[in-house]
Structure formats: structure tokens, C-alpha cells
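Q: Predicted coordinates and the sequence they were generated for:
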Amino acid sequence: MPSCQSASCHLTSVRTARLGLAIQCQGRGAMAADFEAVLTALLSTDNQIRKQAEEAVQNVANRPEVVAETLHHVQHAANPEVRHLAAVLLRKWVPRHWTKLSPEVKSGAQQVLLERIAHEPVHSVRRALANVVAATARGTVPEGQWPGLMDFLHQCSTADSAEHREVGLLLFAALFETIGEHLQPHVPAILQALAAGARHPSALVQTAALSAIEPLLPFITDAHVPAFHSLLGALLPCAHAALAAGDEELLVQLCQVLVEVAECPAPLLQPCLQQVLEMCMIVATNKQFEPDTRERALHLLHWMAKYKPKQLTRLKPLMRAIVDALCEMLCEPKPADYDDAQELPPQKAAAQALDVLAIAVASQHVFPAVWQFAQAAAASPDHDRRHAAVLGLAVMAEGCSEPLRKRLQQALPLVLSLLADGSCEVRGAAAFALGQFSEYLVPDVLQHYKDVMPAVFRLLRDADQDVQERACYALDAFCENLDAAEILPYMPQLISELLQVLQTGRPGVQEMALSAVSSIAAAAEQAFQPYTAQVLPVLQHFMQHPGKEHLLCRCRAVESAGIIVSTLGAKDPVIGPHIAPMMEAVLAGYAAADSSELREYSHTMFGNVARALGEEFAPYLGHVVGLAFASCRQEDGAEFVGDDSSDSDGDEELGSDESSDEEGGGRQFNVRTGVMDEKASATAALGWYAEACPRAFMPHAEECLQVLTTMSQYWHEEARAAAFDSLQKLTLAAHAAFPPAAGEPVVLSQQVQLVSEQVLPVLISCVEEDSSKPAVGAAAAALAQLLKRLGRGAVQPTFLEGAANMAQLILQNKAACQEVEDDDEDDAVDDEDVAAEDEDLLGAAADLLPALAASMGQGAYAAAFLSLHAEPLLARLRPQQPAALRAIAAGAAAEVAEALGGRIAAVVEPLLTLMLRELQTEDDINRQNAAFCAGLLVEANPEKAAQFVMPLLAALHNMFRPEEAAGARDNAVGAVGRILSSLPQGSLPLEQVLPVLLGALPLKEDLSETTPAVGALCKLLLSDQLQQIQQFVPRIVQVFGEVAVQPAAPTQAKVGAAQTLMTMQAKFHEQMAPLLAQLPQEQQAALQMLVSS
């Protein structure tokens, strides 16, 4: 090998016979004599020689003449490795220099490339040359500058030679990825070539045909579907031949192609869907195949469930066979050499597939088979089958929650019994199933807490740490939804067991235990206080743990500390002294560890402490605000994979994703999602800081406004939603720091005016720009808060108009985020998630209506409501709307009626017509909101409502049944009270109404409705109708006494009741004194105190 010391290589004078292009090069040093020597040196294992050769190549890489010189060595180098490397380099340099070459050189290069592909004997070099052809075609075919290319490709793809066929098919794949639209006229012929390739006996040709299908799919139109079905008919024999030969590599590729076909909107799989699924299940259930191969075969099932669930469920016998086969896969033991980080064992792949089916497909096609299997397998002497039984039930919990909920009385004892199984794997799976039940079967599963809690306690002491970890997960999920009263009896043992786990468990177990502590603290609320002295030192220990393996434990400890501080408050005698050391520990850990997750939890903890301390948090602002700014401004952790300047000596995949810049080369853009979570947490924290200590935060306000405005445009919806909320908090903090003068209309201070003029447009504009429902909902909720709290007249008319238009667009379902629809109507969507987003968005818009009334004033908003909001709100109440959305609309109508009173007379009749229908629905919330709205409408417009009163009373009467939901019944009571108070004396059958009303008092849940009910009774007692209701007076006195001692009952109602009784006693002492004396002493004392107050 000649020396390359300090070489600055230039090309020597070389004559390429084919191109007739002379390249003049001059060089210093031995390497300049021959470019082939430079290429050879690039392949050297000597780092120094290779480095000098790389420098030599860089010196000529930017010269157009390098294309001809490199092509010469593709033709003539004797060493196939040199030819291969020359082709790899040429692929990079052709896009860079093509426009600078003369027409003669371009034409000659195209001819040489095709001839070399036709005659090159080495497979890897042919592949590399095909890449060069694809790169060249990108810039020439669209301009019509390579007229012979397609004829060459068709000749190759139909040639007798397997080598030529392979290259032709691979080139089709590459060209469809780059210039597919220009190949559209050739699609039918290419489909025929691919079908022929799939039937070819050569595995290389079959592989090449498969590789061309995916890039071709975007260009398949309805006219091509029959031809594609012919291709599919060729793929099935190819698959069966691969099955017979045990060719797993080809089977994996085929399964991947079929997944892509399943995603295509056109009905490409329909004629052969059953055969395709049967083939995939044969692969998936073949125990001789590698786990990865079997898992890949199940991917088609995943995608069919997601994209074509209706097609899947039409094959009912096959669906049952698939579910049965997956259940049997659950029973397979975990391989002895299983590597959790590298592969998915068959049992887990099957569980994953069942989970996807349960979520995406109607439960009647999945659950019955799994339930039948689980019942039988749970009693098996084989621990693998018992393990499969609980694992199958676990993955049913989310997607098949309703049928599983109906069988909870059988399913839960089955799971609890297997928590004590002799196999640690079975116990762990049972604990996982219990955790899944706790997440997806609430509130039903919570009723069994007396059976669940002791069983989980036993598992916390299990000798197997995997079981302990699953037990902590189950405990975390279960306790998260318990009420304080339910969890209170178990608190001593809960804390004791978890502290023991935290002392002895491995990091993974400790992390789950710390998460359980967080859930228990949130559920127990004030009942957690006696245990803080034990728990907080342990949390501080984990906050300061230096080991990398304990990083997630640190995160959970920080989270737990924040929840405890937020729940119990900074004034708690135990919490208070711990706040400063905990803040110091978290700040120190923040600086010491480079972890997005730790920073995320730290921001949340700082926000919780700010909420607890209020103004006393001010000394920490100098530390935490800058950290939040830094998190928001940091790069997303993006990285580019693939670099055009680097040289590769390996074969490059034909058709790889190339950038469109003239440099060429494949590049991928990766984003660390942990950074996104950190940014969202930091963005939310800034709002909490501003809210906690408004005056102290003002020096940071200007910079904070800039940061939050930037975050409101961030790519992820959670961060945008946090930004909208924090912008609202920042504005209100400025309002608190620089309050307006007293009186209405409110005149904002100059500082608040400047902030609001920047914040309000950001919140309003997102309704027409943002495609995320949660983000737009957050903006609408933030806007509603601002309108309410800034006061009447504070917001400029332009912004009020924008807010009103925002509410209108959402009500009309015309916001940008509501108009994003999926192109494939058969695609499966997570209906529960979509429904929840729709409900939250409509709820935020509903909150805007009374907020607009508060800001604009009754008169101005009444006109806006009738012109902008009334019709779309009525439309939201029509029967074809989902019940949950109707419930929200009914609540919104109620709040508007409460805010505007008689000014909405024009819509009282249509609203009451719709409320009558809602009062008879099966949904508790709908009846509850309809009752509330109906009562307010009658109260606001008794004349307009008169014709509806008797039908309303009849509908409301049904809501006084014992089985009625407490909240709905309480609102029915309030509605009857408002009707009684609003209508003229003598217009209602009191002898029928009062017994029912009094029987439902005092209220149980929505005690705010006590006010209209008690108010109506007081009015009757002091009216001319007293004699008519005389028989009910003793019961009324009893009700007033009971209300007087209800802590949560409204003071207005209690005082009204007490004063009415005092008036009655003064007027009718002889009759009233015995009635009052019969009340319990506690009630008498409470009434006396209320009168005195």
C-alpha cells in the first residue's frame, strides 16, 4: 500500500473510454497517482491509512469531475469491494453534481449505469448500482431526461435471469419512494411484474418483489384494485412455500408487507383476508419458529383490528379460532433463554394481541372465548395454564370492561384465589390482573376493598420481588380511587408494609412502592397526616439517593412529597419543617442529575409546594423560575441519524428514505418524549408560581409571558394546554398585583392591560388554528376564568366578540380541532378517548357562556346569546346527540338561564321541550342537569313556562323514587322548589306535591339545591296558603331542624329556615311551641344560633 502521509489528493489525468471525458488532476504525494488506490485505502483496516484516504476523498468530493472518475472505477476496478465502494460514493455525489454535468456526460453516465447493472456479477455491487440509478432518476425522470429507463426496468423485471429480475424489482421499489407520481401510468404493468416475481423460484427475486409493494401502495387507485388482488393471489403460494421451507426471514418480510397493505384505504385484502389471517396465525402458533417471527406474524392482526375492525368481525368463525389460538399461546412457558430487553416471548405477544383485539373489536367477538378459557384454565394443575388464565383476564379489563364488570362477582374471587398460588409467576400475573381491574373496573371493584386489601398485604411480603413489584402496582391502582373513609382502616398496615418494602426491595419494587405512597396520600387526604413523620424522612432519603439505578425512585419520591405537601398544606406541624430541606434536596438533585424525568417531577413538586405556601414561596422564585425557563427553552433532544459527509463501506438498503436536499443521504429526525413531558411540567409550574405569589412574581412576568407565548405554539398538545392555563394564571396574578380601582365597569391597570392584550388573542385564535381538542378546551377554560375574574367591563369589546365567536364555533362543531376527520371511515378509533375529548371541549365552551354574561353584562350578552349561541346549543340537545354531550348542553342552558333570567324568553319553550325529553332518559347526569335547567327556566320566565309546569311535575315525580341517583333526586327537589316559588298561589296541587318534596328532604348529595327547596317552603308558611298546607307543618319543622345541623347546607337556606320558624312561633306560639320542643336539642340550639346570627 503506498504511503498517504500528508497527501492532498487531486485526480490524475484519466481517460474514461465510455464517457470520453478527460479529468485533469495534479497532486502532491504518492496517492495522487491513482484514484483507485485511494478507494482501496478507504477499505483499509489501518486507521491512519483510512483517515488519510478520507481526507483525500473530501478534497475531490465537491468537484463535478469526481462523478466520471468514480464511475470509471465502477466499470473497471478488478476488486469488487472497490467497485461497491465506488457505487456507494457515486450515490452521494450524483445528486450533488448532476446539474453541473454536460448533456453528453449525463447521457453517457446513464448508459454506463444500466449496462453495469446488466453485467455486474456481484450481488452487493448490483444493489449499490441500483441505488445510484434511483438517485439519478430522481432528478432526471421528472424532467423527461431518461427516456430509456422504464423500458430497461421492464426488461429486467421480466428477464430469465434471477439477478436481473431482482435488480429491476428493487429499482421499482426505489423509484416509487422518490418519483412515484411519475410512474403512475406504469402501475398495472409493475403489478404484473411483482406478481411474477412473487411466483419466481428464487428467494432473492421474491424478496425484491415484496420490497417493492410498500412504496407502491400510495399510488394504488380503485382502478388498480383487481390487479392488486392478482398480486395478492401470488403472495399466498409464496407464503405457503416459505412455511414449508421454514424460511422465517421471507415470512417476516411478507407479514410486514401485509401490515402495510392492511393500512391502505383501498379494499386490497378483502378477497383473501381469511386466507391471509389463517397464514399469519399458522406462523404465530408455530413453536419451531423464533419468537420474533411469531410476534411479527401477529402484527397483521393488530393492524386489522385497528384499521379494518368491521372486516375482521365479519369472519366470525375465524375470529373465534384466532382468540382460541391466542389463549393457547398464553399457556406457553417463557423460554429459558428469554431476554426481556431484546424480545417478546410468545405468551406476551399473545397477550398483546388479545389486548389489541379487546380494545378495537366489539367485545362479543373476544370476551366469551377468553372468559370460557380463563374459567377452565384457572383450575388446571399446570401452572402455565393458571398463569394464562389470569393474564387473559388482565388484558380483557380495558377493552372488555363492560362484560367483565358484569362477571366481576366471579372473576374477582378467581383472581384473588390465584394471588395465593404456589407459582410465583401465577401470583405475579394475578397481581397484574388485580391492578388492571383497579384501573378499568371502577367503581365496581372498589366495593370489594375488604377482600382486596388483605390479599394485597400478603403479596407485599412475598419472597419473590417480581411479585412484590406487581403487588405494589395493584395497590397503587386500587388505592388511587378509594375514598378517605374506605382507606382509613388500612392506613397503619399500608404504611408499615410499604415502608418495609422501601427498606428491602430492589429499585424497581421501591419505585412502585413510592408510587403507591403517592396514591395513598392523595386518597387519604387529611387522614394521611399521622403518618407524615414516618414517611417524609424516607422520601428525603430517596430524593438524595445518588445511584443511577435509583433515578426513578428519586422521581417518585419527589412526586410523593409534592402530593403530600399539597394535600396537607404547609401549615401542618409535621410538613412545615420538612419543606425547606425537601426543597434543598430536590434543587440539589436537579442540578446533579441530567434527567428529563427528574426535572419533570421536580417542576411538578415545586408547583405543589408553591400552591401550599402561597406568598411564602417567594424566596424560592429566584431558584425555580429560571429552571422552568431553561426547561421550556431547551432543544427537544432532536438528532439526525445519517450524515451525508460520512463515508460508508457497507451495503445501503435500496429505497432508503433520502432527504430532498442536494446533498442526498438518508436522515431521520428523533425527538425525546421525556423532554416534552419536562416542558409541559415546567410550563404548568410557571402558572402555579404566578398564582401563589403574584407580587413577588411580577419581576419575572415579562420574560414568563414570552416563554408561555412560545410554548402555546409548541408541537405537543399537553404543553400547549399547560401554556394556555398558565397564561390565564399569569394574567390574574398581574391583576392581583396591580388591582383596579373599585367599582364597575372595571378599568384594568396599565400593567394588566398590557398582559391581557397579549394573552387574550393567543387564547382566542387557537379555535381556528389548533388541531387538538384538549388544547383548545384548555384555552377556552382559561378564557372563561379570565372573563369571570377580571370583572364586568374589564375586557375590550373586540376580545369579547372573539370569545363569543370561539364559543359559537365549538358549539357548532366547527372549530379547527373538530373538523379533523379520519380518511378511512372503517378505521377503528378509541371511542372512549374521543368521547372524553369531545365532552371536555364542549364543557369548556359551556363555561364560556356564563363567563361572557359576567363580563359583558346581562343585556349585552342576552343579545349575543340569542344571535350566536342559542341555536347551536339547542342543536346540541337534540336526541341524535350523544347523551354525555346533551348533559353538558343542558347544564350550559341552566347556567345561561341563571345568568340572564327573563332575557332568554325567546328560547324558553324550545328549551323546556327538550328538558322534558331529557328528564325521561336513562342517564342520571342528563336527568340531573335537565331538572336543574327546567327549574331555572320556570323561575326566570314563569309566564312562558306555565304550559309546561304540569308535564314537568309529572316527569320530576319519577325522580323521587328511592332507586334514583342522589344527585339527580336533589336537583329534582330544587326544581320543584323553584316551581313552587315562581307560580301564582293556587295554581299547583300542593296536597300532591308537598308530601313528595318533604319526603326527599334533607338532601343527600347536591346540598346547594337546599336553598330553593327551603325557600319555597318558607314562602308557603308565610303566605295565605298556610291553612291549605297546615297538615304538612310538623314535617316542615322537622326538615328545617335537620337542615340546620347539616354542615354543608347553604347558610342562606339555614338562616331562612330559622327566621321563618321564629316568625311562625311569634304568630302561632301555641301551635308551634310543641313542634319546636320535639326537635332534638342539637337542632334547637342550631336554629337558635342561626336566628341570633
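A: That came through, no problem.

Q: Determine the longest helix present in the chain.
A: helix 831-856 (DSSP state H).

Q: Can you list the buried residues in it?
A: Neighbour-count burial for helix 831-856 flags 837-856 (criterion: 16 or more other Cβ atoms under 10 Å). C-beta coordinates here come from the backbone N, C-alpha and C atoms, glycine included.

Q: repeat for stretch 169-185
A: Buried, per 16+ other Cβ under 10 Å, within stretch 169-185: 169-180, 182-183.

Q: Please tabulate those in a markdown table, including the columns distance to Glu81.
A: Below are the buried residues of stretch 169-185 laid out as a markdown table (distance: Cβ to Cβ, whole Å):
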| residue | distance to Glu81 |
| --- | --- |
| Leu169 | 25 |
| Leu170 | 20 |
| Leu171 | 23 |
| Phe172 | 27 |
| Ala173 | 25 |
| Ala174 | 22 |
| Leu175 | 27 |
| Phe176 | 30 |
| Glu177 | 27 |
| Thr178 | 27 |
| Ile179 | 30 |
| Gly180 | 33 |
| His182 | 34 |
| Leu183 | 33 |
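
Q: Secondary structure, distance to Gln372 and pLDDT for the residues you listed - can I get that in a markdown table?
A: Listed next are the buried residues of stretch 169-185 as a markdown table, based on DSSP: H, G, I helix; E, B strand; the rest coil; distance: Cβ to Cβ, whole Å; pLDDT from 0 to 100:
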| residue | secondary structure | distance to Gln372 | pLDDT |
| --- | --- | --- | --- |
| Leu169 | helix | 47 | 82 |
| Leu170 | helix | 49 | 80 |
| Leu171 | helix | 52 | 81 |
| Phe172 | helix | 49 | 82 |
| Ala173 | helix | 46 | 79 |
| Ala174 | helix | 50 | 77 |
| Leu175 | helix | 52 | 80 |
| Phe176 | helix | 47 | 80 |
| Glu177 | helix | 47 | 79 |
| Thr178 | helix | 52 | 75 |
| Ile179 | helix | 54 | 78 |
| Gly180 | helix | 48 | 76 |
| His182 | helix | 55 | 81 |
| Leu183 | helix | 51 | 78 |
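
Q: just to revisit the earlier point, after the longest helix of the chain, which helix or strand is next?
A: Sequence-wise, the next helix or strand downstream of helix 831-856 (DSSP states H and E) is helix 858-864.

Q: Toward the C-terminus, what is the element adjacent to that next one?
A: Following helix 858-864 in sequence, per DSSP H and E, is helix 870-876.

Q: List the buried residues in that following helix.
A: Ala870, Pro872, Leu873, Leu874, Arg876.

Q: on that earlier part again, packing partners for the longest helix of the chain?
A: helix 773-790, helix 797-811, helix 858-864, helix 883-900 (3 or more Cβ pairs under 8 Å, 6 or more residues apart in numbering; DSSP states H and E).

Q: Only the buried residues of the third one, if you could.
A: Residues of helix 858-864 classed as buried by neighbour count (16+ other Cβ under 10 Å): Ala860, Tyr861, Ala862, Ala864.

Q: The residue nearest to the second one when sequence neighbours are not counted and Met279, how far apart?
A: This points to Tyr861. Spatial nearest neighbour of Tyr861, chain neighbours left out: Ala853 (4.2 Å); criterion: Cβ to Cβ, 6 or more residues apart in numbering. From Ala853 over to Met279 the distance is 63 Å, taken as Cβ to Cβ, to the nearest Å.

Q: what bits of this structure have low per-residue confidence?
A: Scanning the chain for pLDDT under 70 picks out the ranges 1-33, 337-342, 637-673, 820-833.

Q: mind running it again at 50?
A: Applying pLDDT under 50 to the chain picks out residues 1-33, 638-671, 821-829.

Q: Straight-line length of stretch 894-909, end to end?
A: For stretch 894-909, the first and last residues are 14 Å from each other (Cα to Cα, to the nearest Å).

Q: go on, stretch 114-125?
A: Stretch 114-125 end-to-end distance (Cα to Cα) = 13 Å.

Q: Give the buried residues for that stretch.
A: Quick answer for stretch 114-125 (16+ other Cβ under 10 Å): Leu114, Arg116, Ile117, Ala118, Glu120, Ser124, Val125.

Q: Save those residues as a markdown table, and put in secondary structure and distance to Ala588 too.
A: Converted to a markdown table, those look like this (DSSP: H, G, I helix; E, B strand; the rest coil; distance: Cβ to Cβ, whole Å):
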| residue | secondary structure | distance to Ala588 |
| --- | --- | --- |
| Leu114 | helix | 67 |
| Arg116 | helix | 64 |
| Ile117 | helix | 63 |
| Ala118 | helix | 69 |
| Glu120 | coil | 63 |
| Ser124 | helix | 55 |
| Val125 | helix | 59 |
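
Q: between those residues, which is closest to Leu217?
A: Ile117 (25.4 Å; Cβ to Cβ).

Q: Now for the closest one: which residues touch it?
A: Arg126, Leu129, Ala130, Val133, Cys156, Val167 (Cβ atoms under 8 Å, 6 or more residues apart in numbering).

Q: ditto for Gly246
A: By Cβ under 8 Å, 6+ apart, Gly246 lies in contact with Gln288, Phe289.

Q: For Gln540, what is the enclosing helix or strand?
A: Using DSSP H and E, Gln540 maps to helix 532-543.

Q: Name the next helix or strand following that helix along the chain.
A: helix 551-568.

Q: So what's the gap between that next one and the chain middle?
A: Relative to its chain's centre, helix 551-568 lies at 23 Å (Cα atoms, centre = their mean, to the nearest Å).

Q: rewinding a little: now the angle between helix 551-568 and the helix holding Gln540, please.
A: 150 degrees (axes from the mean of the first three to the mean of the last three Cα atoms, to 10 degrees).

Q: Show me what counts as buried in helix 532-543.
A: Those would be Thr532, Val535, Leu536, Val538, Leu539, Gln540, Phe542, Met543, for helix 532-543 by 16+ other Cβ under 10 Å.

Q: The fourth one and Val501 touch, don't they?
A: No. In terms of Cβ atoms under 8 Å, Val538 does not count as a neighbour of Val501; the distance is 10.7 Å.

Q: three-state assignment of Trp715?
A: coil (DSSP: H, G, I helix; E, B strand; the rest coil).

Q: OK, contacts around Pro1034?
A: By Cβ under 8 Å, 6+ apart, Pro1034 lies in contact with Leu1075.

Q: And it, which helix or strand is it part of?
A: helix 1033-1044.
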